[in-house]
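Asks: turn this into a model:
(one chain, ligands or ions: 1)
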Amino acid sequence: MPAKPEVMVCVNRRFGGTKPSCAERGSLALASAIEAALRAAGSPVPVTRSVCQNACEQGPAVRVLPGPVLFRAVSADDVAQIVATAIVAGGGAGAVPDSADQ
Ligand code: FES
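Replies: Below you'll find the model as predicted:
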């Protein structure tokens with residue numbers, strides 16, 4: 001069974017050490033922006049604030065399922081492309097959410 005469409009935004013934050021984390025690079029705001037853009041497009045694809053996706057050096061990291069497609073070093077300029085990818089992944093505008101979600 002194919003994975004359900006989903007956008008996973010890493011919101012991991014580190015409190016020490018030298019390794020960067022996505023939350024330090026603004027991923028919480030990106031998650032909200034992606035979520036708002038999906039809703040504005042009429043897409044039911046959920047946005048999950050996720051744990052580390054092991055792309056810390058190139059964060060913020062955003063993964064679109066199914067695929068998966070991993071976007072790295074995401075900025076506000078990438079939101080439209082992420083939304084378009086998520087819609088193609090199966091959560092298109094006007095799509096009906098799975099009955100299990102209701
Ligand atoms: S902290 Fe975001 S990918 Fe590791």
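Asks: from now on I want contacts and neighbour counts done on CA atoms only, so please keep to that.
Replies: Will do.
Asks: ok, residue 13 - contacts?
Replies: 21-24 (C-alpha atoms under 8 Å, 6 or more residues apart in numbering).
Asks: go again with 10 Å.
Replies: Counting by C-alpha atoms under 10 Å, 6 or more residues apart in numbering, residue 13 makes contact with 20-25, 27, 51-52.
Asks: what about residue 57, neighbour count?
Replies: Around residue 57 sit 13 other residues, with neighbours defined as other C-alpha atoms under 10 Å.
Asks: helix, strand or coil: sort out it for me.
Replies: helix (DSSP: H, G, I helix; E, B strand; the rest coil).
Asks: which ones are touching it?
Replies: 19-22, 72-73.
Asks: ok so, going back, which of the contacts of residue 13 are buried?
Replies: Neighbour-count burial within those applies to 20-23, 25, 27, 52; the criterion is 16 or more other C-alpha atoms under 10 Å.
Asks: can you list the buried residues in the longest helix seen in the chain?
Replies: For the chain, the helix with the greatest residue count under DSSP state H is helix 27-40. Buried residues in helix 27-40, counted by 16+ other C-alpha under 10 Å: 27-28, 30-31, 34-38.
Asks: residue 48 - that's part of a helix, no?
Replies: No - membership of residue 48 in a helix is not supported by three-state DSSP, which gives strand.
Asks: test my guess that it contacts residue 27.
Replies: No - with contact defined as C-alpha atoms under 10 Å, residue 48 does not count as touching residue 27 (11.6 Å).
Asks: what touches both of these two?
Replies: With C-alpha under 10 Å, 6+ apart as the test, residue 48 and residue 27 both reach 9-11, 62.
Asks: want to throw those into JSON lines with neighbour count?
Replies: Below are those laid out as JSON lines (neighbours: other C-alpha atoms under 10 Å):
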{"residue": "9", "neighbour count": "30"}
{"residue": "10", "neighbour count": "27"}
{"residue": "11", "neighbour count": "27"}
{"residue": "62", "neighbour count": "29"}
